[in-house]
Structures are given as C-alpha cells and as structure tokens.
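Undergrad: model the structure of this input:
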Amino acid sequence: MKYVVCVPDGCADEAVAELGGQTPLEAASTPVLARLAARGEVGRAAVIPAGMPPGSDVGNMAIFGYDPAEFHTGRAPIEAAALGLELGPDQVAYRCNLVTVGDDGTMVDFAGGHPTSSESRPVIEALQAELGGDGIEFHPGVEYRHIMVAPGSWSDADCVPPHDLSDKPAVVPTGSAAGGLVDLMDRSRAVVRRFGLKANQIWLWGQGFQPQMPRFAKIYGLEASLCSAVDLVRGLGVLTGITCVDVEGMSAGFDTDYEAQRDAALESLRDGTDVFIIHVEATDEAGHAGNVDEKVKALERWDRDILDGLVEGLDELGPWRLLLLPDHATPLRLKTHTPDPVPYLLVDSAVDGPGGSYTEAGVAACEPVPGHLLMARLVRHR
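TA: Residues are numbered from 1 along each chain as shown. Purely as a prediction, here's the structure:
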C-alpha cells in the first residue's frame, strides 16, 4: 500500500465577488479532483486547534499527524531545523523576513518584493557582520525568509506576523524582549537599503525554542518523504525524520514545476517510500496577494499537472490511499490566514467512500475532525 498526502497550501477561501460569488475551489476547473471526491470521503478538518495562531507551522504540523497543542513551540525553530541549525536550550529562533515598510509605517510587502535567495543572502551576511554578536546570529534561508537566533532571554515578545499586516500599519513587537527586537529592526534599515532591493528592513516574529518531536516512522511504522520549497515544511521533515526530496524547478511561487513535484513523489514511492507528502505554496501566495486569477490557476494546475498523472502512476504501483487538504484557509479578501476548518478528501483506490463535493460549501454541514488525526485515518489499516 502506498500513501500520498497533497497539501495545496491555503487553498480554502470565501465567496469571491470576481468569481460570481463562488470560492476558487468552486470556480476552478478540476475534473480529476471532482472524480476523486465522488468516490472518496469529504469532510472538514480543524487543522488549527482552538486558540492557536492560524499559521502554516500549526496547520502542517497537524497534517503530518502531530498535535500542535502538544508539540508546537513556534514557527521559527521549525524553519531553523530546515537550515541545519540545532538550537541549544538557552537559544530562541526568530523568523527574519525581508519586508517593505512604507514611509507612513504601512506594511507594503511582507515578502520584500520576493528577492531570490542569491539576492537576499548577501543582505543577511551583512546583517550578521554589522548587527550580529552577543548571542545574536543571522542565518540566510530562502528568498525573503530567514532566521535570527537570539539568547533565550529574548523569548518573551508578542510579535505580529508581517503577512497579517498587509496594507495595514506595521505593529511592532511588545513584551520584555521588544526593545532589543525593535532596535534591530530599526538598525537593519541602513543595511538592507544598501542592496537596492524592494525590501527595506527586517521583520522579526514567530519565535520559539526548538521542539522535541518523535520520529514519524516510530509513530506510524512507515517511511515517509516530502517535497516542498518552503523551509517551514522541510523543517518539520527534519524534526520528524521525514526525508526531504530536492526537486529541480520547485519554488515557493506561482512558477513552481508542478509536474516535477508529482514525478518526484512517484519516483520516491517506486523506490520504497511508503508515504509521500506533496506541498505546493502557490495557492497561499495568491491568497496573500489577493490575486484571484492566480489562485484559480494554481488549483487548476494542481488538478492537471499533479493529480491527473499522480493517480495514473499510483494505479501502476498497486493499492493506494490519498489525503488532500490545505494547512489553513487564506481568503483573498483578507490576504491572510484564518483558523476556520478546511475541506479534506480521503480516497482509497480499492474501496469507494460515500462521495461528495470537495468545496467549502460541499462540506459545510460536516462536523470538523481534529486535523492531526487524519494521518492515522489515512494509514488506519496499520
């Protein structure tokens, strides 16, 4: 038996006026997804436990089969793990975005114009050279997403994620560590602006100590792999012993190579992997940008370039089960995440389910199930 988990990040949404009152899931042409839903089980998953922030860190942790209420310590330490950083018990990691803040204090772009990794690395290296020291370390990550490590005494801060502030006044951190954080953010402007990017400073948030998570294989008795261009998802793989597969052409933007990610999944499954997780960021990026067309297009590419060939390839391998759901909703209207339950789809190649419609309206009457229990449902026969 082979198992696949498909994560179209942030694909759940609200009714959109530009789509005639439909959601992107309703408006997109997804015939393969519709056929799978007609033979599977659809429902609603509470991937964000009550009272927890609706971030991809929480949602993906739940999808991987770990209860965020037990294991989540913050977003940044998960991404630090993806960079190979092992934090000491007296160290805390912060996510360090390159952002664009307007002269009037508005968060113009939480992604700082989406610099490439090669463009952003010299910026982070300069920040380390000029602002690092006394326990402060800057580590380059991917594109606009980077990591700052600080002494554990810097952990007490209430920080607003920059993607929650799009086109809004930037709200600086509060708490006992806020003074040092704001000082670094302010001092970073002189450094960042020298590089001629659209980004003009750093934004620090998502802090936490490194979590201790049991290995996926120990819990589920299966070897798992994943592909994702997002450090957060890869970091969860590192922390849980899930193999991270590099895929040429994979990106965290609209231009990711969907077919390459599909092919990587099938190749890994052929080579002996039991469970493969395919994560694509494009739907979430479209939601944050408020880009209706790109969100619909991303869903259609999921259907045409991943699901179609994936089902065919899985059939050649033998019996299979598939789970599909996003890690949270990212409504186009809000341009940020919400904690609302999201639609899930569970399909068994050999046993038909009750069937249904994989849309927000199609599962609206379903009682939400805790998202972290779905992995066990996927591999339930074990």
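Undergrad: drop to CA atoms for contacts and neighbour counts, all remaining ones
TA: Fine.
Undergrad: residue 141 is in contact with residue 115, correct?
TA: No - checked against C-alpha atoms under 8 Å, the pair residue 115 and residue 141 is beyond contact range at 11.6 Å.
Undergrad: what helix or strand is residue 96 on?
TA: strand 91-101 (DSSP states H and E).
Undergrad: only C-alpha atoms, please: export that strand in CSV.
TA: The C-alpha trace of strand 91-101 is given here as CSV (Å, rounded to 0.1, in the frame of the first residue of the first chain):
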residue,chain,number,x,y,z
GLN,A,91,18.7,29.8,22.4
VAL,A,92,15.5,31.0,20.7
ALA,A,93,14.9,31.4,17.0
TYR,A,94,13.0,34.2,15.3
ARG,A,95,11.8,34.3,11.7
CYS,A,96,13.5,37.2,10.0
ASN,A,97,11.6,38.4,6.9
LEU,A,98,12.9,40.9,4.5
VAL,A,99,10.0,43.3,4.2
THR,A,100,9.0,46.6,2.7
VAL,A,101,7.5,49.2,5.1
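Undergrad: summarise which helices and strands that strand is packed against.
TA: Applying 3 or more C-alpha pairs under 8 Å, 6 or more residues apart in numbering; DSSP states H and E, one finds that strand 91-101 makes contact with helix 76-82, strand 107-109, strand 145-151, strand 201-208.
Undergrad: Provide the contact partners of the second one at residue level.
TA: With contacts defined as C-alpha atoms under 8 Å, 6 or more residues apart in numbering, strand 107-109 is touched by 99-102, 162, 165-170, 199.
Undergrad: following it, which helix or strand comes up?
TA: helix 117-131.
Undergrad: show me which positions of that following helix end up buried.
TA: Neighbour counts over helix 117-131 (16 or more other C-alpha atoms under 10 Å) mark 120-121, 123-128, 131 as buried.
Undergrad: now the angle between strand 201-208 and it, please.
TA: 90 degrees (axes from the mean of the first three to the mean of the last three C-alpha atoms, to 10 degrees).
Undergrad: what's the domain layout of this structure?
TA: For the chain, the structural domains run 2-72+213-378, 80-208, going by automatic domain parsing.
Undergrad: wait, what's in contact with residue 358?
TA: 25, 33-34, 37, 42, 343-345.
Undergrad: out of those, which are inside helices?
TA: In helices, defined here by DSSP state H, the members of the contacts of residue 358 are 25, 33-34, 37.
Undergrad: pLDDT and distance to residue 54 for the buried residues of helix 117-131 - can I get that in TSV?
TA: Listed next are these as TSV, based on pLDDT from 0 to 100; distance: C-alpha to C-alpha, whole Å:
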residue	pLDDT	distance to residue 54
120	97	27
121	98	28
123	98	29
124	98	27
125	98	31
126	98	32
127	98	30
128	98	30
131	98	31
